[in-house]
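# Quick one, what's the 3D model for this:
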Amino acid sequence: MSTLFDRFDLRGLGLRNRIVMAPMTRSRAASTVPDALTATYYAQRAGAGLIVTEGAQVSEQARGYLFTPGLHSKAQVQGWKAVTAAVHAERGTIFAQLWHVGRVAHRSLQPGERAPVSSVAKAAEGVQAFVYREDGTPGQMPTSTPRALAADELAGITADFVAAARNAIEAGFDGVEIHGANGYLFEQFINGGLNVRDDRYGGADIANRLRFVLETVDAVAAAIGSHRVGIRLSPFNRVFDMPAFDGEADTALALARELATRDLAYVHLSNRGAIIDNAGEGFLREYREACAGTTLILAGNYTREGAQSDLAAGLADLVAFGRPFIANPDLVERLRNDWPLADGDNDTFYGGGAAGYTDYPAYRLEAEPA
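Take a look at the predicted model:
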């Protein structure tokens, strides 16, 4: 029976355990360039079998939040080189998450203050972006109404992902994860309740709605090798105004079957809870069968016991933890020894400096009484 602490071969990369540090935006890159603090943060958490970084925008257009790092400039590549070197010095493995937010953005962060882009020209209702407000201070603002991308623009965005993937390899990353989850650009095409386009990239036809993400996966795999490409997806996601739609399960399973033919490093499912709530645990088993032969990562508010149970049941090969890694840089050892977990400070999750970022201590055993 597999355990959280068993080694795992990820397409030739030897992971020390089956625990993944999930991607989490922390908004610490003041100039979109990772710095020494970023390197310290990830190196502290290199005990994870695999680290997936926070989302790194693949272009200026791809950006939706202040202080998030990119992977489209020379300065950004240099910044990430220090991060990967620090993680590798601690014997860690690290993938870069490649990100385009689509409509989850505000004009003020877009080149020329133009409208953000999406599958269709429909605003994300009730969704906020992290930007400079009118008084010049960082804060939340409603996202801007996007414009619909023309079909002939999509190849350019795919090319941005390819360039960012090449930059990631140059920066020393072990691979990349394409962000196809959580209501961002690729999911804005996948979701049949939002994407009502009438061309070959949308509408009722599942293959049309999957075309953009699969074209991008194929192009990135051709550029850096499929064995160094993962993808994150979120079936039944409702975050960022993603609606339910007819054929939702069929869409997710069709994509899983397509990805299973591409010999990728892994498929990473976000938000296990939403999947269970909307489709039941039986869907997870269907999904597992649909992408048979591909490493499957599950994420979603795991406890030690829940993670071990899913591994033992064969629902996943690797299990991702998010927020527990914020306040517990030594999370793997805490889980291994059943030591208590520290709680993170919500006020320092996004933005700022070292406080709430690199100043959480590792667990220390109390001295035995004499």
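# What separation do you get for residue 108 and residue 91?
Per Cβ to Cβ, to the nearest Å, residue 108 is found 42 Å from residue 91. Bear in mind the C-beta positions are built from the backbone N, C-alpha and C, glycine included.
# Of those two, which one has the most company?
Neighbour count, other Cβ atoms under 10 Å: between residue 108 and residue 91, residue 108 has more, with 14 against 10.
# next one: phi and psi at that one?
Per-residue torsions, residue 108: phi -60, psi -20 (degrees, to the nearest 10).
# So what does the closest residue to residue 144 other than its chain neighbours look like in phi/psi?
Excluding the flanking residues, the one nearest residue 144 by Cβ to Cβ, 6 or more residues apart in numbering is residue 107, at 4.5 Å. Dihedral pair for residue 107: phi -50, psi -30, per degrees, to the nearest 10.
# Count the neighbours of residue 107 for me.
Residue 107: 17 surrounding residues under other Cβ under 10 Å.
# Report whether the expected contact of it with residue 114 is present.
Yes - counting by Cβ atoms under 8 Å, residue 107 touches residue 114, with 6.7 Å between them.
# so what's the residue nearest to residue 144 up against?
With contacts defined as Cβ atoms under 8 Å, 6 or more residues apart in numbering, residue 107 is in contact with 113-116, 144.
# let's see 7 Å
By Cβ atoms under 7 Å, 6 or more residues apart in numbering, residue 107 lies in contact with 113-115, 144.
# and of the residues you listed, the nearest to residue 31?
Within these, the smallest distance to residue 31 is 19.0 Å, found for residue 113 (Cβ to Cβ).
# Check what pLDDT the nearest residue to that closest one once chain neighbours are set aside gets.
Nearest residue to residue 113 in three dimensions, chain neighbours excluded: residue 107, at 4.8 Å (Cβ to Cβ, 6+ apart). pLDDT recorded at residue 107 is 96.
# show me where pLDDT drops low in the chain?
366-370 (pLDDT under 70).
# Can I get the longest helix along the chain in PDB? Just the C-alpha atoms.
Once the chain is assigned using DSSP state H, the helix that runs over the most residues is helix 206-224. Output of helix 206-224 as PDB, limited to C-alpha atoms (Å, rounded to 0.1, in the frame of the first residue of the first chain):
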ATOM      1  CA  ILE A 206     -17.000  19.500 -26.400                       C
ATOM      2  CA  ALA A 207     -14.100  19.000 -28.800                       C
ATOM      3  CA  ASN A 208     -14.400  22.700 -29.800                       C
ATOM      4  CA  ARG A 209     -14.200  23.900 -26.200                       C
ATOM      5  CA  LEU A 210     -11.200  21.700 -25.500                       C
ATOM      6  CA  ARG A 211      -9.300  22.700 -28.600                       C
ATOM      7  CA  PHE A 212      -7.500  25.700 -27.200                       C
ATOM      8  CA  VAL A 213      -6.100  24.000 -24.100                       C
ATOM      9  CA  LEU A 214      -5.100  20.900 -26.100                       C
ATOM     10  CA  GLU A 215      -3.400  22.900 -28.800                       C
ATOM     11  CA  THR A 216      -1.400  24.700 -26.000                       C
ATOM     12  CA  VAL A 217      -0.500  21.500 -24.200                       C
ATOM     13  CA  ASP A 218       0.700  20.000 -27.500                       C
ATOM     14  CA  ALA A 219       2.800  23.000 -28.300                       C
ATOM     15  CA  VAL A 220       4.400  23.200 -24.900                       C
ATOM     16  CA  ALA A 221       5.100  19.500 -24.900                       C
ATOM     17  CA  ALA A 222       6.700  19.700 -28.300                       C
ATOM     18  CA  ALA A 223       8.900  22.600 -27.100                       C
ATOM     19  CA  ILE A 224      10.200  21.100 -23.800                       C
END
